[in-house]
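Student: this is a predicted model, with the sequence first.
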Amino acid sequence: MRKTICVTWILVALSSWMSLEALQDKEYLEKAKLLMFDKNWQDASRILAEAVSLYPQSPHYPYFVFYQGKCLAELKKPKEALGFYEKFIPLSPDESLTEEAQSARIKICFDLYKKGETGYLKTILDLLKHPAQTVRYYAAITLSYDRDKKTAAAALPVLKEILHNETDNQLKDLARIAMLRVDPNSLSAQPNQNPKSPEVRMIKIQITEKGKPEKVFLQVPLFLADLVIHSLDEETKKSMRAKGYQIDQLLKNLSQKTGVIMEIRDGDSHIKIWIE
């Protein structure tokens, strides 16, 4: 009888201890989230590091890893953050968090690549073939910012996939702008439209600097004018505003004009926009 009572007490105590442990690991997660909400990344990272160490078998463990990656990214520790995101992905219990982790990987790898660590480019190129559309799309749009146009051109098949398959206009506009960054000629002709046809008016933009190769030459259907002009670099748009051209008003008047609608000569630079 006494032995039975002893065993029962041990089981009850063990059960209570396990419940307390589960409560404690959840408390770590909640406390870390509150600190992150307040953008207290340092303290949140410290708490998550403790949780990762103390509770490797917890059902909350993948979340500790994910949020630690987020904290480390905010603390400007990209390589450490990348390690946690990569550790999280095979553990992930949530598809949306998996995609968020992949997007974070892409951003970190691209930032490191731009700083000269070229080995990180491979991760982005590999993710252009990822089965999840959102991951492919984010990789392609990110890669479109690469100044090496030959490398950036690897994004074009995915960007064209977006235009062909997606119905979300905002997403399609992002793809069009990305294609303009990579290769303006990739948007020179749209499906079922012939640029040489008199029904399709074209907007052309030429930007040159004396003694240098042509900086920009774009030729796209007029209906893409808004995307084209807004995708120009800030220096060009600043020059336009300095000469009295208000971009929004300019765009409103495009449909009513033909020929040269804007020409700016400023020192050695020359900006010309016209419609044919």
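Tutor: Cool, got the structure. Numbers count the residues shown, from 1 in each chain.
Student: show me what the strand or helix carrying Ala81 is packed up against.
Tutor: Assigned by DSSP states H and E, Ala81 belongs to helix 78-88. Packed against helix 78-88 by the contact rule (3 or more CB pairs under 8 Å, 6 or more residues apart in numbering; DSSP states H and E) you find helix 61-74, helix 95-114. Every C-beta, even on glycine, is put in place using the N, C-alpha and C of the backbone.
Student: same list (those) but as CSV, adding mean pLDDT, mean neighbour count and distance to Ala81.
Tutor: Formatted as CSV, the helices and strands packed on helix 78-88 follow (pLDDT from 0 to 100; neighbours: other CB atoms under 10 Å; distance: least, CB to CB, whole Å):
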stretch, mean pLDDT, mean neighbour count, distance to Ala81
helix 61-74, 96, 23, 4
helix 95-114, 94, 19, 6
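Student: for the chain, just list every one of the strands.
Tutor: For the chain, applying DSSP state E gives strands covering 202-209, 216-221, 259-266, 269-275.
Student: so which bits of the first one are buried?
Tutor: This points to strand 202-209. Across strand 202-209, burial judged by 16 or more other CB atoms under 10 Å covers Met202, Ile203, Ile205, Gln206, Ile207, Thr208.
Student: my understanding was that Asp146 contacts Ala152; is that so?
Tutor: Yes. Contact criterion CB atoms under 8 Å: Asp146 and Ala152 qualify, at 4.2 Å.
Student: just the pLDDT for Gln193.
Tutor: At Gln193, the model reports a pLDDT of 44.
Student: for Leu80, which non-adjacent residue is closest in space?
Tutor: For residue 80 the amino acid is Glu, not Leu. Leu72 (4.6 Å; CB to CB, 6 or more residues apart in numbering).
Student: hmm, Leu48 and the one you found touching each other?
Tutor: No. Contact between Leu72 and Leu48 fails when scored by CB under 8 Å: they sit 9.3 Å apart.
Student: could the buried residues of strand 202-209 go into TSV alongside distance to Ser239?
Tutor: Output for the buried residues of strand 202-209, formatted as TSV (distance: CB to CB, whole Å):
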residue	distance to Ser239
Met202	23
Ile203	18
Ile205	13
Gln206	14
Ile207	9
Thr208	13
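Student: nearest to Ala225, of the residues you listed?
Tutor: Lowest distance from Ala225 to the buried residues of strand 202-209 (CB to CB) belongs to Ile203, with 4.7 Å.
Student: my read: the closest one touches Ile273, true?
Tutor: Yes. Applying CB under 8 Å, one finds Ile203 in contact with Ile273, separated by 7.0 Å.
Student: do I have it right that Ala132 meets Ala101?
Tutor: No. Ala132 sits out of contact with Ala101 when judged by CB under 8 Å, with a separation of 11.2 Å.
Student: looking at the strands of the chain, which is closest to Pro59?
Tutor: When those are compared by CB to CB, strand 216-221 sits nearest Pro59, at 51.9 Å.
Student: for Lys26, find the nearest of the helices and strands packed on helix 78-88.
Tutor: Of those, the one closest to Lys26 (CB to CB) turns out to be helix 61-74, at 9.9 Å.
Student: for Leu174, list the residues it contacts.
Tutor: Ile141, Ile162 (CB atoms under 8 Å, 6 or more residues apart in numbering).
Student: and the pLDDT at it?
Tutor: 81.
Student: how near is it to Ala155?
Tutor: 12 Å (CB to CB, to the nearest Å).
Student: now do Val65
Tutor: 29 Å.
Student: then Leu91?
Tutor: For Leu91 relative to Ala155 (CB to CB), the value is 29 Å.
Student: what about these two, which has more around it?
Tutor: Ala155 (28 against 12; other CB atoms under 10 Å).
Student: wait, the more buried one touches Tyr138, no?
Tutor: No. Here Ala155 does not reach Tyr138: they are 10.6 Å apart, not a contact under CB under 8 Å.
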